[in-house]
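In: Test case, fold it:
(chains A and B)
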Amino acid sequence: MEKMEIRMYSSVVEFIFSSSRIIYGDEGQPGLEVGRNRKNGRIVAFMCYSFPHLYKRILKGLKEKPIPGRFSVESVDEGDKVTAICDPRVKNAAMPEIVQWVWEKYYAHLEESITAGTLHA
Amino acid sequence: MAARDFSSAGETFIDYKGQLNEIVYSILTPLGYQTHVSAEALEHLAKHSVAARHQTDIPHILTNPDLIVPSYEFPTVHLYYKVARKILLVVAIHQKSDIRFVVTMHDTPTIKGLKEKKIFQTDFLYIRGGFQWKKWK
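Out: This next block holds a predicted model:
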């Protein structure tokens, strides 16, 4: 099980499970950029540019192309504050459970201000 | 260094998370709109080594990009690409209520969506003459 830190700014959400130097790229995981360790190429993070607009696509993508492993969310960095997380929902959790948790806890209440849009998606 | 516009400095806007952002400076991009860079965005970027190192390049990237493309997954997000010292940097710009602002910057091995054919040359919003975009497929 990997320890995970979640970082958020506006609609950007990062799921980081190693603090190594990360290079993000599009590897076809719907809604998510894949972050790799610059030195050894290991996957160490995921990032979404526009989480509140894409979280349903992320969840659908995780069904079709699951991200293996289980994660324990240790902290959430919202920029102005870092919160330690004790919620059992995101301890030893699979990626879809964590995505759903982030949506419910941080973005669902803002849904009315969010509009949708796609291009060749 | 590219011209930074400080006329809106100190003004605020609300981002997608409902957080108040204070504008540090603004940049007029080749697409003709102003993009704000907030103190909160700079704080976010400071947590990433590459982004932190290239923070001062943001005005140059936004005024002189090599390529601008919409994110195929959410086209109101514009991705500004610039090659700097052999690495491809991308600055992501969001729009909310007619306000555009920088949300993140990082280096990347490829232009998002090209290899997967989710984005095509006809989708490019801007390309600098001579930029070899196929090299970053």
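
In: Grab the most central residue of chain A for me.
Out: A:Phe15 (4.2 Å; C-alpha atoms, centre = their mean).

In: Name the SS class of it, please.
Out: When classified by DSSP: H, G, I helix; E, B strand; the rest coil, A:Phe15 comes out as strand.

In: is it in a bridge, and if so with what?
Out: Counting by DSSP bridges, A:Phe15 is bridged to A:Ile6, A:Phe46.

In: Let me know whether it touches A:Trp101 as I believe.
Out: No - using C-beta atoms under 8 Å, A:Phe15 is not in contact with A:Trp101; the gap is 11.1 Å. To be clear about C-beta, it is placed using only N, CA and C from the backbone, and glycine gets the same treatment.

In: Can you pull the poorly scored residue ranges out of chain B?
Out: B:1-2 (pLDDT under 70).

In: quick one: low-confidence parts of chain A?
Out: In chain A (pLDDT under 70), the answer is A:112-121.

In: Give me every residue in it lying close to chain B.
Out: Counting by C-beta under 8 Å from any C-beta of the partner chain, chain A comes close to chain B at A:7-12, A:21-26, A:28, A:30-31, A:33, A:47, A:49-50, A:52-54, A:57, A:77-80, A:106-107, A:110, A:113-114, A:117-121.

In: Out of the residues you listed, which end up buried?
Out: A:7-12, A:22-26, A:30-31, A:33, A:47, A:49-50, A:52-54, A:57, A:77-79, A:106-107, A:114, A:119 (16 or more other C-beta atoms under 10 Å in any protein chain shown).

In: Which ones among these map onto helices?
Out: Using DSSP state H, A:52-54, A:57 are the members of those that sit in helices.

In: what's the closest of those to chain B?
Out: A:His53 (4.9 Å; C-beta to the nearest C-beta).

In: Can you tell me the element B:Leu79 falls in?
Out: B:Leu79 belongs to strand B:74-84 when assigned by DSSP states H and E.

In: Please, where are all the strands along the chain?
Out: All of this refers to chain A. A:2-9, A:12-16, A:22-25, A:33-37, A:43-48, A:71-77, A:82-84 (DSSP state E).

In: My question was about chain B, not that one.
Out: B:12-14, B:20-28, B:34-38, B:67-71, B:74-84, B:87-96, B:99-108, B:126-127.

In: From the chain's centroid, how far away is the third one?
Out: In terms of C-alpha atoms, centre = their mean, to the nearest Å, the gap separating the centre of strand B:34-38 from the centre of its chain is 10 Å.

In: Run the angle between that strand and strand B:99-108 for me.
Out: 70 degrees (axes from the mean of the first three to the mean of the last three C-alpha atoms, to 10 degrees).

In: Need the contact partners of strand B:34-38.
Out: Strand B:34-38 is contacted by residues B:5, B:8, B:13, B:15, B:21-29, B:58, B:62, B:93, B:99-102 when judged by C-beta atoms under 8 Å, 6 or more residues apart in numbering or on different chains.
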